[in-house]
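In: A structural model of the following input is requested.
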Amino acid sequence: MQVKKRLRWRPLIFLRNMAILSVLFLILATTALSSEKPAQNEEFAVVRPGDTLWNIAVEHNPDCDPRVTVNQICQLNGLASKNLQPGMLLQLP
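Out: Model prediction:
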């Protein structure tokens, strides 16, 4: 009698486990896909000798207030100082 009860529930337990695994897989796959950021919109500038944040801001975005652009560049790149070294790669807003 006990064996028949266990055999009766075995397919349901299997289906339940498969449903749980499917849901977990979908959640993980969706999370992985949504965390990817498109790299198309990212712009970078390589610092040349004599470059300043102000010059880079004006070249990159001439229609915007350079002070705003300089602050955005500092925030994006985690710059504590406004001193630049030639060869630095700066992400631009």
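
In: For the chain, which segments are assigned as helices?
Out: 2-35, 53-60, 66-77 (DSSP state H).

In: I'd like to know which of the ones you listed is closest to L90.
Out: helix 66-77 (5.4 Å; Cβ to Cβ). Glycine gets a C-beta too; all of them are placed from N, C-alpha and C.

In: contacts for that closest one?
Out: 53-54, 56-58, 60-61, 79, 82, 90-93 (Cβ atoms under 8 Å, 6 or more residues apart in numbering).

In: change it to 10 Å
Out: Residues from elsewhere that reach helix 66-77 (Cβ atoms under 10 Å, 6 or more residues apart in numbering): 42, 44-45, 52-62, 64-65, 79-82, 84, 88-93.

In: cool, and stretch 41-55?
Out: 56-61, 66-67, 69-71, 73-74, 76-77, 79, 82-93.

In: filter the residues you listed to the buried ones?
Out: Applying 16 or more other Cβ atoms under 10 Å to these, the neighbour count classes I56, A57, H60, N61, P66, T69, V70, I73, L84, L90, L92 as buried.

In: wait, the second one sits on C64?
Out: Read that as A57. Yes - the pair A57 / C64 is scored as a contact, 7.9 Å apart, by Cβ atoms under 10 Å.

In: any shared contact partners between these two?
Out: Common neighbours of A57 and C64 (Cβ under 10 Å, 6+ apart) are Q72, P93.

In: per-domain residue ranges of this structure.
Out: Annotated domains of the chain cover 1-36, 43-92 [automatic domain parsing].

In: Lowest average pLDDT across those?
Out: Confidence, taken as mean pLDDT, is least for domain 1-36 of these (a mean of 78).

In: sorry, back to before: out of the buried ones among the contacts of stretch 41-55, which comes closest to M18?
Out: L92 (48.3 Å).

In: who's in contact with that closest one?
Out: 42-45, 56-57, 59-61, 69, 72-73, 76-77.
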